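K.L.:
quick one, fold the following:
(one chain, ligands or ions: 2)
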Amino acid sequence: DDEYVGFATLPDQVHRKAVKRGFDFTLMVVGESGLGKSTLINSLFLTELYGEREVGSVTDRLEKTVEIEKKQLEIEEKGVRLRLTIVDTPGYNDAINGDTGVKSIVEYVDKQFEQYYTDETSINRRHIVDNRVHCCLYFISPYGHGLKPIDIFMMKQLHHKLNIVPIIAKSDILTKPEVNRLKQKILDEIDHHSIQIYEFPDCDSDEDEDFKQQDDLLKAAVPFAVVGCNTVVEAGGKKIRGRAYPWGIVEIDNPSHCDFVRLRQMLISTHMQDLKDVTSDIHYENYRAEHIQNQIG
Ligand code: GDP
Ligand code: MG
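P.N.:
Ligands and ions are numbered 1, 2, ... in the order given. Okay, the predicted model is just below:
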């Protein structure tokens with residue numbers, strides 16, 4: 001059903017737990033300035049979910065992001081509550097000094113671990129709010145020929161701290177073959193520089209064929225080529241979310257135009273729990289071990 005975001009269709013067991021406790025999920029966007037980070041966030045969650053309704057923080061849509069901004073929203077779907085936190089970051093070029101931008105993002109991530117650690121080791125640890133960053137969408141420019149030195153540097157600052165999901169921004173400016181070539185180039189460079197991106201888990205062997213096929217398509221789409229936009233255009237009497245060009249409309253919800261739907265599906269439905277598990281079991285554990293090591297001296 002189109003109306004639904006999808007997180008209520010989680011596997012049964014996870015679903016039952018989620019009904020009781022709700023979900024906390026934090027998504028961060030990182031990348032050069034002007035690549036459409038703020039626009040994509042709005043396209044992914046805000047405009048769609050709150051289309052007709054009013055949301056206080058969504059009005060400043062086209063303003064340039066100059067500092068780390070946290071937006072929180074609660075969504076309820078079929079009895080499952082999702083507390084979604086979106087961390088929008090300024091592009092490196094926006095910071096007066098590029099370095100400060102990089103540093104403040106890393107500090108933000110560390111600070112959430114630190115807070116979680118403090119809460120977890122305190123006497124009253126019943127209701128810990130989990131503000132750890134569960135996923136980072138890393139935006140790569142469609143204009144370049146792959147990763148830039150700043151991308152490699154930034155990803156290496158972050159890859160042991162969180163799940164990086166690479167994104168090709170504004171993919172509407174590229175043709176299909178160009179998108180495919182850029183995807184391969186980026187994957188090669190990620191491999192060459194030993195950058196650890198989020199690894200999609202293997203499919204359970206008891207899943208049905210359709211599920212497996214979807215899962216294969218999802219894995220093959222990395223790095224997701226996305227298009228963002230917050231305008232609705234009319235075409236053939238239908239309302240379509242897309243970018244209108246003189247030669248046609250790029251529909252963001254059309255899987256043959258871009259990977260937007262696949263990305264959203266993965267984030268808020270099929271892989272949300274895994275992103276949380278990896279954050280907790282691997283990234284947070286790394287932090288904890290290092291923290292304890294440092295305390296010992
Ligand atoms: P940010 O600095 O990364 O947050 O980028 P913004 O979201 O502020 O977008 C910068 C500009 O790019 C705006 O004029 C957007 O309308 C435009 N833009 C955003 N997403 C896309 C996209 O997918 N394709 C194209 N062609 N333009 C986009
Ligand atoms: Mg922005």
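
K.L.:
which parts of stretch 154-162 are buried?
P.N.:
Buried residues in stretch 154-162, defined by neighbour count with 16 or more other CB atoms under 10 Å: Met154, Met155, Leu158, His159, Lys161, Leu162. C-beta coordinates here come from the backbone N, C-alpha and C atoms, glycine included.

K.L.:
quick one: which of the residues you listed sit in helices?
P.N.:
Met154, Met155, Leu158 (DSSP state H).

K.L.:
just the closest of those residues to ligand 1, please.
P.N.:
Met154 (13.8 Å; CB to the nearest ligand atom).

K.L.:
and the nearest residue to the closest one once chain neighbours are set aside, what pLDDT?
P.N.:
Residue nearest to Met154 in three dimensions, not counting chain neighbours: Val102, with 5.9 Å by CB to CB, 6 or more residues apart in numbering. Confidence per residue is given as pLDDT, and for Val102 that number is 82.

K.L.:
helices or strands next to the helix or strand where Val102 lies in the packing?
P.N.:
Secondary-structure assignment from DSSP states H and E places Val102 in helix 98-120. With contacts defined as 3 or more CB pairs under 8 Å, 6 or more residues apart in numbering; DSSP states H and E, the secondary structure elements packing on helix 98-120 are strand 23-31, helix 149-158, helix 285-296.

K.L.:
so what's the gap between the very next helix or strand once past it and the chain middle?
P.N.:
Sequence-wise, the next helix or strand beyond helix 98-120 is strand 135-140, with elements assigned using DSSP H and E. Its chain's C-alpha centre and that of strand 135-140 lie 6 Å apart, by CA atoms, centre = their mean, to the nearest Å.

K.L.:
could you do stretch 77-95 as well?
P.N.:
For stretch 77-95, the separation from the chain centroid amounts to 8 Å (computed by CA atoms, centre = their mean).

K.L.:
in it, what's buried?
P.N.:
Of the residues in stretch 77-95, those buried under the neighbour-count criterion (16+ other CB under 10 Å) are 77, 80-82, 84-92, 94-95.

K.L.:
mark which of those residues are part of strands, please.
P.N.:
Here DSSP state E is the test, and the buried residues of stretch 77-95 give Glu77, Val80, Arg81, Leu82, Leu84, Thr85, Ile86, Val87, Asp88 as lying in strands.

K.L.:
quick one: name the residues of the stretch 1-150 of the chain near ligand 1.
P.N.:
Contacts of the stretch 1-150 of the chain with ligand 1, taken as CB under 6 Å from any ligand atom, map to Ser33, Gly34, Leu35, Gly36, Lys37, Ser38, Thr39, Thr65, Gly91.

K.L.:
could the residues you listed go into JSON lines alongside pLDDT?
P.N.:
Formatted as JSON lines, the entries for those read as follows, by pLDDT from 0 to 100:
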{"residue": "Ser33", "pLDDT": "88"}
{"residue": "Gly34", "pLDDT": "91"}
{"residue": "Leu35", "pLDDT": "95"}
{"residue": "Gly36", "pLDDT": "94"}
{"residue": "Lys37", "pLDDT": "92"}
{"residue": "Ser38", "pLDDT": "88"}
{"residue": "Thr39", "pLDDT": "91"}
{"residue": "Thr65", "pLDDT": "68"}
{"residue": "Gly91", "pLDDT": "77"}
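
K.L.:
who's in contact with the nearest residue to Val129 once chain neighbours are set aside?
P.N.:
With CB to CB, 6+ apart as the measure, Asp24 is the residue that lies nearest to Val129, at 7.0 Å, once sequence neighbours are left out. Under the criterion of CB atoms under 8 Å, 6 or more residues apart in numbering, the contact partners of Asp24 comprise Arg83, Thr85, Val129, Asp130, Asn131.
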